[in-house]
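Novice: Build me a model:
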Amino acid sequence: MILQRGTTGFQHCREPELPLVELRIFRTVYHTVARDVSADVIYSPRRHSDVECNFADALLQLGDDRIVVLVNCFHPLVAFAAEGKVGDTPDFCDHADLARAFSAHADFTVLSVATFEQLPTTDMLADLAPAEIEQFNYWKPSRLGDVIFNYWD
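Specialist: As a prediction, this is how the structure comes out:
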């Protein structure tokens, strides 16, 4: 996977504006997916004001499982994770039913744990802006998922 410019959420002030995912559209899709898989919405997609991050999260109750749904705020990339404390590195998980339901909505791309666990390579980062590479070199993430969904400040 080659990350697109803006994935990390960082840019220099002289660079063009980053694309933004319409959280309103994601919220609509999220609620549709919840209905499709008979999940209860614990909370709707939100950005955290108390921590710096480049994603929004939401929480579903699906049977006995609580699944956090993450969406990158700059590119329509979706992940699932086990419930954890805000600010902790996401514990990514795959969920076939949710992935199928989200895949029915072409606006968003669901990524797998196998993708998130990959070691970031130069080729994967080639399209990132210089400010993003600076942050990558500072934070030194060991897996691709921590670049796509980060708490870098």
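Novice: who touches the helix or strand of the chain with the lowest mean pLDDT?
Specialist: Using mean pLDDT, DSSP states H and E, strand 40-46 stands out as the lowest-scoring helix or strand of the chain, at a mean of 89. Residues outside strand 40-46 that contact it (C-beta atoms under 8 Å, 6 or more residues apart in numbering): 23, 26-27, 30-31, 34, 56-62, 66, 69, 71. Yep, even glycine has a C-beta here, placed from its N, CA and C like the rest.
Novice: If we use 7 Å, what do you get?
Specialist: By C-beta atoms under 7 Å, 6 or more residues apart in numbering, the residues outside strand 40-46 that reach it are 23, 26-27, 30-31, 34, 56-61, 66, 71.
Novice: Next secondary structure after it?
Specialist: Downstream of strand 40-46, the next assigned helix or strand under DSSP states H and E is strand 55-62.
Novice: Would you mind measuring from Phe149 to Ala56?
Specialist: The gap separating Phe149 from Ala56 is 10 Å, by C-beta to C-beta, to the nearest Å.
Novice: what does Leu62 give?
Specialist: According to C-beta to C-beta, Leu62 stands 19 Å off from Ala56.
Novice: Counting neighbours, what do you get for Cys93?
Specialist: Neighbours of Cys93 under the rule other C-beta atoms under 10 Å: 16.
Novice: ok, for it, nearest residue in space, not its chain neighbours?
Specialist: Excluding the flanking residues, the one nearest Cys93 by C-beta to C-beta, 6 or more residues apart in numbering is Phe80, at 5.3 Å.
Novice: How about the secondary structure of that neighbour?
Specialist: Taking DSSP: H, G, I helix; E, B strand; the rest coil as the rule, one finds Phe80 in the strand state.
Novice: ok, it touching Val71?
Specialist: No - contact between Phe80 and Val71 fails when scored by C-beta atoms under 7 Å: they sit 10.8 Å apart.
Novice: got a list of contacts for stretch 137-145?
Specialist: Residues contacting stretch 137-145 (C-beta under 7 Å, 6+ apart): 1, 79, 90, 92, 115-120, 124, 147, 152.
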